[in-house]
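S.K.: Next come a sequence and a model predicted from it.
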Amino acid sequence: MKRVCIVGAGAWGTAIANLAARKASVRMWVHSPDTLRALRDARENVLYLPGVPLEGGIELTDDVMDAWSWSDAVILAVPTQKLRSVFRRVAPDLRRWQVPVLNLSKGLELETHLRVSQLLCEDLGITDYAHYAALSGPNFAPEIARGMPAATVVASREPGTRRRFQELLSGSSLRVYTSTDLVGVELGGALKNVYALAAGVSDGLGFGDSSKASLIVRSLHELSKVTTTFGADRLTVNGLAGAGDLIATSFSKLSRNRMAGEAIGGGASAQDLQGRQRTVIEGLPTLEALAKMAELSSIDLPIVRELHEIVSGSITPLAGLERLMSREMKSEFL
């Protein structure tokens, strides 16, 4: 991978661009003209990743077709809910360039409930599964960009694809593992945002660490039920893309999803919160998609059910808690 295209210039896309630029030539596609001008002028992503200079070799462009066709690998850093609209404009041409694609976004498409691999490989036909990989783990862009040590996992059905992205992004501060479990890594990364919202609600209600730890462990139990229903390996839930990402996102002050849950626990409206955010709170649309998936697949997810009612405004956070605590008593692992 000598030439890498980064699609998207948010915090995570910028951090990954800097990592990739240490081993390859990088072109980063920037959607917003204002952001493009600011990046070119300051050589720093002042809006999304302030205080972190762009690596000198990174080129900036507003022409996604040019960047994609130039590259021999593509890294997608576009929010899940915006992927379809981005690629709808350029999909017929992009099908000509079947290069390896690594997706960084974590979520399920709201309307279709599709994972990103299904959206790109089956629905849009941008690439095929042999060329597709997904990255997930307990990784916050400001920390990774500043060289704080962390680990992550790249999953693909194709050994060569996951190995090439592993080699591109591995370094002294980021240890990249590989996985064959694409379903588990994608679902783990997507669904942890939902349960981080719930952890935030606990914070907003003023509860302590005992409450939060109990909620996180039961969230892992629900996450395991969902992922294994759709064919994932149960071990993935206990790894970086499952437990690791959930723990980080549920506790960190850098987590948009946890902070949104905390505000909801304090009485804020989910709709108002997303309207005030410059960046997407992925857990909110993914919660909608997951609640529908659980209903259609008859998966019992009490935390998701109550959280969905809370976020929709149908019940108060305290009422949702009371319903969870008053459920029929049972064995822990049933």
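M.R.: Yep, that arrived.
S.K.: State whether residue 69 is indeed within a strand.
M.R.: No. With DSSP: H, G, I helix; E, B strand; the rest coil as the criterion, residue 69 is located in helix rather than a strand.
S.K.: contacting residues for it?
M.R.: Residues counted as contacts of residue 69 (C-beta atoms under 8 Å, 6 or more residues apart in numbering) are 96, 97. C-beta here means a position set from N, CA and C on the backbone, and glycine is covered the same way.
S.K.: And the pLDDT for it?
M.R.: For residue 69, the pLDDT comes out at 92.
S.K.: From residue 122, how far out is it?
M.R.: In this view, residue 69 and residue 122 are 23 Å apart by C-beta to C-beta, to the nearest Å.
S.K.: Look up which helix or strand residue 175 falls in, please.
M.R.: strand 174-179 (DSSP states H and E).
S.K.: which other helices and strands contact that strand?
M.R.: With contacts taken as 3 or more C-beta pairs under 8 Å, 6 or more residues apart in numbering; DSSP states H and E, strand 174-179 sits against strand 150-155, helix 159-169.
S.K.: That strand pairs with which strands?
M.R.: Strand pairing for strand 174-179, using DSSP bridges, gives strand 150-155 (parallel).
S.K.: Tell me where the protein has strands.
M.R.: Taking DSSP state E to define them, one finds strands in the chain at 3-7, 25-29, 58-61, 73-76, 101-103, 132-136, 150-155, 174-179.
S.K.: Select, out of those, the one closest to residue 294.
M.R.: strand 132-136 (20.8 Å; C-beta to C-beta).
S.K.: Report the distance from that closest one to the chain centre.
M.R.: 10 Å (C-alpha atoms, centre = their mean, to the nearest Å).
S.K.: what angle sits between it and helix 159-169?
M.R.: 50 degrees (axes from the mean of the first three to the mean of the last three C-alpha atoms, to 10 degrees).
S.K.: Now do residue 244, the pLDDT please.
M.R.: 97.
S.K.: And it, how close does it get to residue 198?
M.R.: Counting by C-beta to C-beta - residue 244 and residue 198 are separated by 18 Å.
S.K.: Identify the residue nearest the geometric centre of this structure.
M.R.: The centroid of the chain falls nearest to residue 106 when counting by C-alpha atoms, centre = their mean (2.1 Å).
S.K.: Once you drop chain neighbours, what's closest to that one?
M.R.: In this structure, residue 106 finds its nearest non-sequential neighbour in residue 189, 3.8 Å apart by C-beta to C-beta, 6 or more residues apart in numbering.
S.K.: For the residue nearest to residue 131 when sequence neighbours are not counted, which residues are in contact?
M.R.: In space, and not counting its chain neighbours, residue 131 is closest to residue 100: 5.0 Å by C-beta to C-beta, 6+ apart. Residue 100 is in contact with 1, 72, 73, 74, 127, 131, 132, 133, 161, 164, 165, counting by C-beta under 8 Å, 6+ apart.
S.K.: so which of those residues comes closest to residue 207?
M.R.: Nearest member of those to residue 207, counting by C-beta to C-beta, is residue 133, at 38.1 Å.
S.K.: Surely that closest one is in contact with residue 165?
M.R.: Yes. Using C-beta atoms under 8 Å as the test, residue 133 is close enough to residue 165 to be in contact (5.3 Å).
S.K.: list the residues that contact both of the two?
M.R.: Residues touching both residue 133 and residue 165 by C-beta under 8 Å, 6+ apart: 100, 102, 154, 156.
S.K.: of all those residues, which two lie farthest apart?
M.R.: Longest span within the shared contacts of residue 133 and residue 165, C-beta to C-beta: 100 and 154, 10.8 Å.
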